Structures are given as C-alpha cells and as structure tokens.
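Q: with the input below, show me the fold.
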Amino acid sequence: MTSLIVPDWPAPSNVRALVTTRGGGVSASPYGSLNLGAHVGDLPEAVAENRSRLRRLLPDEPVWLDQVHGTTVLEADCAAGLAQADASLARRPGVVCSVMTADCLPVLFCDDAGSVVAAAHAGWRGLAAGVLEATVARMAVAPECVLAWLGPAIGPTAFEVGAEVRYAFVAADPGAAEAFVGHQQPDKWLADLFMLARRRLVRAGVSRVYGGGLCTVSDVARFYSYRRDGVTGRFASMVWREQRG
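A: Numbers count the residues shown, from 1 in each chain. Model (predicted):
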C-alpha cells in the first residue's frame, strides 16, 4: 500500500495535501520503492507504475516541474508539459501542485479562504534567492492570510555547508546567523533549513508556519536522501483545492 503523510496544519476544508514516502511502489534498490523521479536513473516503467499508483489517490495527474533551484513560479491552472520552475500555484479545483525532493525543503501553501494553493521546492540556493517570497507574491493574497507547511528535509544536525552558504543568507539577513552552528572543520557549518525558511516567510509577512522537523537523512525507512545515499529516488509533496459542496 502507498505510504503517505498528511500535513498537520489548519488548512480550509476544501484544501487537501499529501506527502509520499518510500513505501508502496515497485522500484528496486537503490530507488526502492515508490520513487516518483523520472530523472534519477530508475527504470521508466517502474516510475510510470509508481506515478500510476499515486494518481489513483488524486483528482488529477500532478503538475510535475523541471526543478532547477530557481525562483520561477508556474501558474499550474494553465500548464502544458514539463515546465522549468521551482514552484507552482493553482486556483482551479482539482489542479495538483507538486514538488519532488530528497533533502531540499518542500513548502506547501494555502490561503484562509481556500481560494489558492501552492507548492515550492526550496533547496538552499532557491531559498536564498527568494523562491518562497516569489511564491507568496504570486498567490496575490495578503500575506497575513497565507498558511505555510514545511515538509520533510535534511535536518539541522545533518546539513553541513560551507561559508558561502552561510554568507548567502547572513548578507541579506544578519539574524539568519542563528540558523548556523560551527562544525568541526574551519568554515564549515551545520545549517537549519527549517529555521531559515521560517525566517524568510516571516519577513515576507507569513507568520503562520507549520511543520518542520522531519529529517530526510535520519529517517531511512520513510525518506529518500541525496546527501545520505547519492543515488536515490524522489518523494513528492502535493496540495490541491477541492470543489466546494
């Protein structure tokens, strides 16, 4: 059976969200078993079957993105084909916004009225470049009306980075220094991706931020991790609107 995580956040009743895990698919090692990434070397027929199993749980095929660690936000309502973007949003019911990750941070969004949803892929490059801020802006609602949920990502005890990563955040926000802890070698730091995302969202006016804390590296049974395994699969974080009754 496909193994899923349902985000714990106070979203409106017409907003649905799911996160897949490793369980419930047909891919063989090192992609075992519900790999959804068609770009990681897995057998195409295995990925197709995994996506087919996921599709049975959704109102439509997810809008898959060609993720490039940038800040482009796709309007998923009118998307055609695989688009190069790192976030998508939808206002039409049944359109499934999705991002795939294996250490980077997936962030799901909705507004209080349940009129718009969005999903963003936030690795450190995209996060520092402003992908979350760009997503909130494209939602075109007041930031104080936006809810965000932080999905599984590499945790603060596993994310070792160089000084250039710390500088990318601290140069724009000196307070971001609290998200970095010195680590063993000179100019090496442990970074808290969840804290960095929360800071960026709060600075953008989004104060209601949920989730965070699920570490892809330490939870071998449930999550893929590129940092841990190198060759590995991808899981998906998805959000969509249902038609109101």
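Q: name the element the residue most central in space within the chain belongs to?
A: Nearest to the mean C-alpha position of the chain, by Cα atoms, centre = their mean, lies P106 at 1.2 Å. Assigned by DSSP states H and E, P106 falls within strand 105-111.
Q: helices along the chain, start to end?
A: Assigned by DSSP state H, the helices in the chain fall at 44-55, 124-129, 131-139, 163-170, 193-203, 226-229.
Q: mean pLDDT and mean neighbour count for those - can I get that in CSV?
A: Glycine gets a C-beta too; all of them are placed from N, C-alpha and C. CSV is the format used below for the helices of the chain (pLDDT from 0 to 100; neighbours: other Cβ atoms under 10 Å):
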stretch, mean pLDDT, mean neighbour count
helix 44-55, 97, 16
helix 124-129, 97, 21
helix 131-139, 98, 22
helix 163-170, 96, 16
helix 193-203, 98, 21
helix 226-229, 97, 17
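Q: between the ones you listed, which one is nearest to F235?
A: For F235, the closest of the helices of the chain is helix 44-55, at 10.2 Å, according to Cβ to Cβ.
Q: which elements pack onto that closest one?
A: Using 3 or more Cβ pairs under 8 Å, 6 or more residues apart in numbering; DSSP states H and E, no helix or strand is in contact with helix 44-55.
Q: with adjacent residues omitted, what lies nearest to A153?
A: Closest residue in space to A153, ignoring its immediate chain neighbours: L105 at 3.9 Å, by Cβ to Cβ, 6 or more residues apart in numbering.
Q: show me the contacts for that neighbour.
A: H121, A122, G123, L127, L150, G151, A153, L193, F194, A197 (Cβ atoms under 8 Å, 6 or more residues apart in numbering).
Q: from memory the last one sits against V131, does it?
A: By that I understand A197. No. Taking contacts as Cβ atoms under 8 Å, A197 lies outside contact range of V131: 9.9 Å.
Q: where do the contact lists of the two overlap?
A: With Cβ under 8 Å, 6+ apart as the test, A197 and V131 both reach A122.
Q: ok, the strand holding P106: who's next to it in the sheet?
A: Taking DSSP bridges as the criterion, strand 105-111 forms sheet pairs with strand 117-122 (antiparallel), strand 146-150 (antiparallel).
Q: winner for burial among the ones you listed?
A: strand 117-122 (a mean of 29; mean count of other Cβ atoms under 10 Å).
Q: same question for that strand, mean pLDDT?
A: For strand 117-122, mean pLDDT rounds to 98.
Q: by mean pLDDT, which helix or strand of the chain comes out lowest?
A: Lowest by mean pLDDT, DSSP states H and E among the helices and strands of the chain is strand 83-84, with a mean of 91.
Q: what's that one packed up against?
A: Strand 83-84 sits against strand 65-66, with contacts defined as 3+ Cβ pairs under 8 Å, 6+ apart.
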